[in-house]
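Peer 1: take this sequence and fold it.
(one chain, ligands or ions: 1)
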Amino acid sequence: GLPDAAFWWKERATCCKVRARRFGSQRQLVVVEPSSTAGVAVLKLKNLPVNSFSLEFLTELIINLEKLENDKTFRGIIITSDCPKAFSAGVDLREICGKNPAHYTEYWKVLQDLWLRLYLSNLVLISAINGPCAAGGCLIPLTSDYRILADNPKCLIGLNETRLGISAPFWFKDPLVNIIGHRASEHALQLGLLFPPAEALQVGIVDKVVPKDQVQSTALSVMTQWLAIPDHARQLTKNMIRKPTADLLVKHRDTDIQNFVSFISRDSIQKSLQMYLAKLKQNKD
Ligand SMILES: CCCCCCCCCCC/C=C/C(=O)SCCNC(=O)CCNC(=O)[C@H](O)C(C)(C)COP(=O)(O)OP(=O)(O)OC[C@H]1O[C@@H](n2cnc3c(N)ncnc32)[C@H](O)[C@@H]1OP(=O)(O)O
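Peer 2: You can find the predicted model right below:
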């Protein structure tokens, strides 16, 4: 529950800061701005070109989320993309291709950290999804409290892992099941479906679809509704609903890492990821 998670966060926060010093990059991959609504921050993902989850980007994202969580002036965060091509292309395939087990272990731990930080956040999280959102990229919307998608045929959203010859981990699957239900998840996950906006709304993977230029303003007005509820009551309720799902990862983190590392290290898996990456590079607009 929360004490466990608090323990993990403290320990992992130190690791994140050490890692951030290691990268020492000048690029700002995450931009946080106060919004026009008091108590609301807008967090912009800016890892060009497609907000793929590199280790450096994940580290910066976690540090920024932690700062907001600990800053009592903030009650809610709107998460959006500052990359014209995508909300997020998910796991950076270069992080899970051609590296060694120690790297895969570190990477997976950090991805778990991000998930826990988001899923158990006390703040109201709203995803303003203004671009395509694939596989691991859905980690942010699926751990948010509310999801708004831009009404554009390019804005596909879903867990398409099977199309890469891999499987989504249980902690991607569980929030999806909680949100869209068992049968729809069974269908979406096995076929690796990427939903266009109208279908995404129909299946329930997003809560609202609006024209792209209204995503931000809609997120702010939805946030106002959520902030009308007293924080302590909303937080207790959120924790009560999410704790059983979160506990599964908190309790099985090490096994999950071992499973991931042995799965991703297989030659056959490496081959299919390399093929997918090569295909992405060929299919240029
Ligand atoms: C016992 C069992 C245990 C189970 C253990 C679990 C197993 C593993 C679980 C791993 C979970 C992984 C989750 C993932 O997230 S995998 C990534 C999936 N992502 C995708 O499929 C999206 C891929 N990208 C796209 O579809 C498009 O790029 C996009 C629609 C987002 C944008 O299209 P656009 O045409 O505008 O741009 P480009 O395609 O030209 O992309 C620009 C450059 O970015 C590179 N790129 C894109 N996505 C990625 C990525 N995910 N990783 C790395 N690089 C990426 C692309 O190649 C272009 O690069 P270049 O400009 O250099 O060519």
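
Peer 1: which stretches in the stretch 151-285 of the chain count as helices?
Peer 2: Here the stretch 151-285 of the chain has its helices, by DSSP state H, counting those that start in this stretch, at 170-180, 182-191, 197-203, 215-227, 231-264, 267-282.

Peer 1: in a markdown table: the ones you listed, plus mean pLDDT, distance to the ligand and mean neighbour count.
Peer 2: For the C-beta atoms, the positions are set from N, CA and C on the backbone; glycine is no exception. Output for these, formatted as a markdown table (pLDDT from 0 to 100; distance: least, Cβ to the nearest ligand atom, whole Å; neighbours: other Cβ atoms under 10 Å):
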| stretch | mean pLDDT | distance to the ligand | mean neighbour count |
| --- | --- | --- | --- |
| helix 170-180 | 98 | 7 | 19 |
| helix 182-191 | 98 | 12 | 15 |
| helix 197-203 | 98 | 14 | 18 |
| helix 215-227 | 98 | 17 | 18 |
| helix 231-264 | 98 | 4 | 14 |
| helix 267-282 | 96 | 4 | 12 |
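
Peer 1: any chance of those helices in a markdown table with distance to D82 as columns?
Peer 2: Output for the helices of the stretch 151-285 of the chain, formatted as a markdown table (distance: least, Cβ to Cβ, whole Å):
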| stretch | distance to D82 |
| --- | --- |
| helix 170-180 | 24 |
| helix 182-191 | 28 |
| helix 197-203 | 21 |
| helix 215-227 | 12 |
| helix 231-264 | 27 |
| helix 267-282 | 21 |
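
Peer 1: pull the contacting residues for the one residue in the stretch 1-150 of the chain that gets nearest to the ligand.
Peer 2: Here the residue of the stretch 1-150 of the chain nearest the ligand is G90; by Cβ to the nearest ligand atom that distance is 2.4 Å. Contacts for G90 (Cβ atoms under 8 Å, 6 or more residues apart in numbering) come out as 52-53, 134-139.
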